[in-house]
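Engineer: prediction below, plus the sequence it came from.
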Amino acid sequence: MRTMDSQSGPDDKSGLPRQLAERGAIDPFIVMDVLRVANEKMAAGTDVIHMEVGQPGTPAPARAVEAAHRALDNHTLGYTDALGIPELRECIAGHYKRQYGIDVSPNRVVVTSGSSAAFTLTFLAILDPGARVAIPSPGYPCYRHILKALGAEAVVLETGPETRWMPTPEALAELHGRVSIDALLLASPANPTGTMLVGDALRQLAHACDEQKLWFISDEIYHGLDFEEAAKTALAFSDSAIVINSFSKYFSMTGWRVGWMVVPDELVRPLERLKQNLFICAPAISQYAALAAFDAYEELEANKAVYRVNRDLLLEELPQAGFTNILPADGAFYLYADVRHLTDDSTQLARRILEDCGVAVTPGMDFDEARGKHYLRFCYSGTTERMREAARRLRDWSRRNS
């Protein structure tokens with residue numbers, strides 16, 4: 001499913017320059033390639049169950065949709081302040097008080113066009129070309145792709161089952177001793193593993209970054225989607241941490257493209273300047289909708305309850321389909337399965353599963369270039385009915401191929 005991108009050759013008659021910028025040669029985001037193929041099959045009449053792309057199967061909260069309608073009626077929806085509408089920044093700050101018991105000034109909140117813009121802005125604000133960022137592997141592939149496009153380098157910090165697929169201060173120090181790094185970026189709960197830092201682990205990592213003078217970037221986009229233990233925010237342990245979150249996952253607003261950052265005071269103005277020039281502002285209508293989403297916890301918790309049911313269902317059913325080695329499923333809405341007993345090429349296996357039984361899953365090569373050929377990621381954010389049907393198809397497929 002990895003694509004081969006074409007470039008202009010000597011016979012190209014377009015008249016365009018032949019030399020493309022190197023930053024455009026980043027790897028594709030494989031899950032989006034899988035989604036495209038799955039959608040093509042659906043357009044041709046095949047019933048495909050989406051377990052590849054990491055987005056909620058539920059719509060935006062009703063209150064958010066109602067707020068968007070009111071914004072259409074009552075606001076011009078022009079440019080907003082680059083940092084975000086003041087009401088939303090204040091509401092996000094209040095969220096940290098309610099959820100974590102932490103006082104955050106609204107002045108430290110930056111509203112962004114989804115978390116993707118937040119990562120780009122962060123890297124531009126704190127990293128010069130050639131800088132290195134430690135990123136746990138397996139991990140979200142766009143971290144390293146964005147870094148490469150910006151002239152920085154992602155340095156793999158390999159994790160394993162002995163640490164629940166999370167980095168440790170000792171591993172960070174060992175890596176920093178071998179290769180000088182400038183920052184650590186991690187997510188907890190994590191994509192693709194669904195595991196998270198538990199106990200005192202987040203505090204230890206935050207303090208290790210402070211001691212070693214490293215930027216600590218905490219991707220908290222899956223906060224709220226935790227099943228065994230409540231996720232902690234890095235803001236509880238470090239005043240210099242950069243926290244990135246979004247309305248895409250827990251708040252079920254992927255396509256609205258609105259997220260946020262909480263940053264140290266000295267970063268606010270540099271980020272504002274970058275945002276003014278690169279994005280101007282996040283979509284105005286999405287900001288007003290996001291403001292109302294904070295009043296929709298009852299609906300959002302009901303969504304989360306469905307994910308929990310789906311997780312438990314698949315943890316019981318997938319082993320019967322041959323997927324017997326699944327990582328701990330602490331949070332997010334992913335199961336990461338070791339399939340080395342089935343294949344040495346998870347990309348080919350994912351293709352076969354899609355072709356044979358109409359279930360789209362993501363090969364691990366998207367998340368771990370060294371070991372991903374032995375893993376598949378299953379996203380369980382759809383309806384329970386569809387997850388049950390996916391399990392049935394996979395079980396039948398496994399029996400046919402045994």
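Structural biologist: Received the coordinates, thanks. Numbers count the residues shown, from 1 in each chain.
Engineer: count of neighbours near the residue nearest to residue 262 when sequence neighbours are not counted?
Structural biologist: In this structure, residue 262 finds its nearest non-sequential neighbour in residue 243, 4.5 Å apart by CB to CB, 6 or more residues apart in numbering. C-betas here are computed from N, CA, C, even on glycine. Neighbour count of residue 243, defined by other CB atoms under 10 Å: 23.
Engineer: show the pLDDT at residue 243.
Structural biologist: For residue 243, the pLDDT comes out at 98.
Engineer: what do you get for the one 4 residues further on?
Structural biologist: In the predicted model, residue 247 carries a pLDDT score of 97.
Engineer: go on, the one 3 residues further on?
Structural biologist: At residue 250 the predicted local distance difference test score is 97.
Engineer: repeat for the one 10 residues further on
Structural biologist: What the model reports for residue 260 is a pLDDT of 98.
Engineer: how near is residue 287 to residue 67?
Structural biologist: Distance of residue 287 to residue 67, given as CB to CB, to the nearest Å: 10 Å.
Engineer: those two - which one has more neighbours?
Structural biologist: Using other CB under 10 Å, the more surrounded residue of residue 287 and residue 67 is residue 287, with 26 against 22.
Engineer: after whichever strand or helix holds that one comes which helix or strand?
Structural biologist: Under the criterion of DSSP states H and E, residue 287 resides in helix 284-293. Using DSSP H and E, the helix or strand that directly follows helix 284-293 along the chain is helix 297-317.
Engineer: skip ahead from that next one and say which helix or strand is next.
Structural biologist: Counting by DSSP H and E, the next helix or strand C-terminal to helix 297-317 is strand 325-326.
Engineer: look at the residue nearest to residue 382 when sequence neighbours are not counted and give its secondary structure.
Structural biologist: Once flanking residues are discounted, residue 382 sits nearest to residue 57: 4.1 Å by CB to CB, 6+ apart. What DSSP: H, G, I helix; E, B strand; the rest coil gives for residue 57 is coil.
Engineer: isn't residue 57 right up against residue 383?
Structural biologist: Yes: contact status for residue 57 versus residue 383: in contact at 5.8 Å, counting by CB atoms under 8 Å.
Engineer: neighbour count winner among these two?
Structural biologist: residue 57 (19 against 14).
Engineer: what's the spacing between that one and residue 123?
Structural biologist: Relative to residue 123, and taking CB to CB, residue 57 is found at 31 Å.
Engineer: over to residue 183?
Structural biologist: According to CB to CB, residue 183 stands 9 Å off from residue 123.
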